[in-house]
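Novice: Provide a 3D model corresponding to the input given below.
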Amino acid sequence: MSDPRPVRASLGPVLWVFGALSLLATCAEPVTQDYTQRFPLGAQPETVSVPARYVGAADPFAGDARETFDTLVHGYLDRGHGPITIAALAPRPGTSPTPARIEQLRQRLIAAGVPASAIRVMMTEEGAPNTVTLSYERYSAVLPTCGDWSTPMDFNPMNTAYPNFGCDQQRNLGQMVADPADLVSMHQAQPSDTANTERLIKDYRSVVPSSVPPVATESVKNSLELNADQNAATGTSVGQNSGGSGASTR
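Specialist: Now for the predicted structure:
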């Protein structure tokens, strides 16, 4: 009678080989991706720059150039990130704008709605003479390219997703986003939002007379005036009780 132990021992390497092959087959299966992964949306930074050349005492943003200034400020307040920079040549006689003009331009930005803390003045060693450059950073959306119709649309027995499936969805979303920087990171909650929420909750929990809507106040006033007119017509005083013993009539 043969010893069965060598047979059992020989099955170990065989089972190990089959297990390794099964593991490799599992790892070789493709990972399923949805359309947001196959057609990702992104954003890239870009610099908006507007030069302003000073000629004599003339305002570089006067006349038709004022629209250029207003467009720059509106674009910064709408989609600008980081500071808005006023760049000019370092002080050189006859070639650099005077500090008074730079300060005047800074005050003009503040008057247009740009926070003073968001304005940076920078002196450079290179640039055009008597020229000040306004610049800021913003983001533009990076959209996927659609139009892959390589797979027949009339034959899909495995019911797999077409190569172009979901691309238009992502592209339309990228074109509609208000600020492409939101595709990079979300906005942080502003302290003003928190303070406003706390104020509304406090007003709701505490009945403050000053918080009564003007419409309700006007309604109460009209009701009192109507009662006064009725009392005057019937000869009843305003402070009289309808069922009290102390009532007096004229």
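Novice: next structured bit after the helix or strand of the chain with the lowest mean pLDDT?
Specialist: Least confident helix or strand of the chain, by mean pLDDT, DSSP states H and E, is helix 5-27 with a mean of 54. For helix 5-27, the following helix or strand on the C-terminal side (DSSP states H and E) is helix 35-38.
Novice: Can you mark which positions in the helix or strand containing residue 72 are buried?
Specialist: Assigned by DSSP H and E, residue 72 belongs to helix 65-79. Residues of helix 65-79 classed as buried under the neighbour-count rule (16 or more other C-beta atoms under 10 Å) are 69, 72-73, 76, 79. C-beta coordinates here come from the backbone N, C-alpha and C atoms, glycine included.
Novice: May I see those residues arranged in a markdown table, with pLDDT as well?
Specialist: Listed next are the buried residues of helix 65-79 as a markdown table, based on pLDDT from 0 to 100:
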| residue | pLDDT |
| --- | --- |
| 69 | 93 |
| 72 | 94 |
| 73 | 94 |
| 76 | 95 |
| 79 | 91 |
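Novice: which residues of this structure score low on pLDDT?
Specialist: 1-32, 94-96, 189-192, 207-250 (pLDDT under 70).
Novice: quick one: the strands in it?
Specialist: According to DSSP state E, the chain carries its strands in the segments 42-53, 81-89, 119-124, 131-142.
Novice: Can you show me the CA trace of the third one as CSV?
Specialist: Translated: strand 119-124. These are the backbone C-alpha positions of strand 119-124, laid out as CSV (Å, rounded to 0.1, in the frame of the first residue of the first chain):
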residue,chain,number,x,y,z
ILE,A,119,-4.3,96.3,-4.4
ARG,A,120,-0.6,95.8,-4.7
VAL,A,121,1.9,98.4,-6.0
MET,A,122,5.0,96.9,-7.6
MET,A,123,8.1,98.7,-9.0
THR,A,124,10.0,96.9,-11.7
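Novice: Tell me the strands beside that strand, with direction?
Specialist: In the sheet, strand 119-124 lines up against strand 81-89 (parallel) (DSSP bridges).
Novice: the inter-axis angle of the strand it pairs with versus helix 65-79?
Specialist: Counting by axes from the mean of the first three to the mean of the last three C-alpha atoms, to 10 degrees, strand 81-89 lies at 150 degrees to helix 65-79.
Novice: rewinding a little: dump the buried residues of helix 65-79 to a markdown table, plus distance to residue 141.
Specialist: Shown next, in a markdown table, are those (distance: C-beta to C-beta, whole Å):
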| residue | distance to residue 141 |
| --- | --- |
| 69 | 26 |
| 72 | 21 |
| 73 | 22 |
| 76 | 18 |
| 79 | 11 |
